[in-house]
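Trainee: no sequence on this one, just coordinates:
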C-alpha cells in the first residue's frame, strides 16, 4: 500500500477523533507502514498538562474555548513532523489548519516532505445541535455548552475558510456526512481514500 496523507476537518463533535482512530487501526492491520498521527488537540492538552509556563497559558485558552494562536499550533505540528517523520509513514492529521498561517505552514510541510500529490482532506459535516448534544454527552470538563458554542462559532469563521485556501492550493477536499453511525462513516472514508475492501 502506498503511503496515504490525510488531514481531517469538521466541527467539534463531528466524530473526527473516532474516525481517525478507526482509520489508524485499519492502516495498522492492512499496511506494513507505521502511522504518524498528528492530533493537535492532544498536543495542546499534553502541553497544558506539562505544568510549564506555556502549558498554563495554553490551559487558559482551552478553558475559555478560544482558538490557540497560530504560532503555537505551527510549532507543535512542525516539531511532531521534524522529530518523527522518516518519509515512509502514513500521515493522519486532525485539529490542524485552524487559520491561514497554520494552513499554509502545514501545506508547505507536505510539499517539503513530498506528500503534496496524494494529500487528501476529509471534512466531516454535521449540524450545530448534533455537535452540542454529542460533546455534552462525552462529559469532558472543558465541554460546557457556552464553550462548545464558542468553538463552533470560530470553526465557521476561522476554520472552514481554510478549506477554500487548501482548494486554491490544488488540494482535494472531500465532504463526508458526519450524521450517520460510525461504521457507515468509516466505510465512506475508506471509499473516498481508495482503501475500500
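Mentor: Okay, I see it. Owing to the predicted nature of the structure, the values given are computational and were not obtained by experimental measurement. Residues are numbered from 1 along each chain as shown.
Trainee: how close does residue 73 sit to residue 109?
Mentor: According to CB to CB, to the nearest Å, residue 73 stands 12 Å off from residue 109. Yep, even glycine has a C-beta here, placed from its N, CA and C like the rest.
Trainee: Would you check how far apart residue 90 and residue 28 are?
Mentor: Taking CB to CB, one finds residue 90 at 9 Å from residue 28.
Trainee: more neighbours, these two?
Mentor: When residue 90 and residue 28 are compared for neighbours, residue 90 comes out ahead with 20 against 13, by other CB atoms under 10 Å.
Trainee: all helices of the chain, in order?
Mentor: Using DSSP state H, the helices of the chain run over 16-30, 40-49, 53-63, 70-84, 100-112, 128-138, 145-154, 160-168, 182-192.
Trainee: quick one: buried residues of the first one?
Mentor: Using 16 or more other CB atoms under 10 Å as the burial criterion, the residues of helix 16-30 that qualify are 16-17, 19-20, 22-24, 26-27.
Trainee: now do the fifth one
Mentor: By neighbour count, and taking 16+ other CB under 10 Å as the criterion, the buried residues in helix 100-112 are 102-107, 109-110.
Trainee: so which of these comes closest to residue 8?
Mentor: Of all the buried residues of helix 100-112, residue 8 sits closest to residue 106, with 12.1 Å by CB to CB.
Trainee: and residue 7, bridged to which residues?
Mentor: residue 93, residue 121 (DSSP bridges).
Trainee: please begin residue numbering at 83 from this point
Mentor: All right, first residue 83 from here; so that's residue 89.
Trainee: State the distance from it to residue 230.
Mentor: 23 Å.
Trainee: what does residue 161 give?
Mentor: Residue 161 sits 29 Å away from residue 230 when distances are taken as CB to CB.
Trainee: Looking at the two, which one has more neighbours?
Mentor: Under the criterion of other CB under 10 Å, the comparison of residue 161 against residue 230 puts residue 230 first, with 23 against 12.
Trainee: Any stretches of this protein with poor pLDDT?
Mentor: 279 (pLDDT under 70).
Trainee: Look through it and report the residue furthest from the middle.
Mentor: Here the chain reaches farthest from its C-alpha mean at residue 135, the gap being 25.3 Å by CA atoms, centre = their mean.
Trainee: How many neighbouring residues does residue 166 have?
Mentor: Residue 166 has 12 neighbours, counted by other CB under 10 Å.
Trainee: ok, now residue 219?
Mentor: Residue neighbour count, defined by other CB under 10 Å, stands at 9 for residue 219.
Trainee: quick one: it from residue 225, how far?
Mentor: Counting by CB to CB, the gap from residue 219 to residue 225 is 9 Å.
Trainee: again with residue 171
Mentor: According to CB to CB, residue 171 stands 31 Å off from residue 225.
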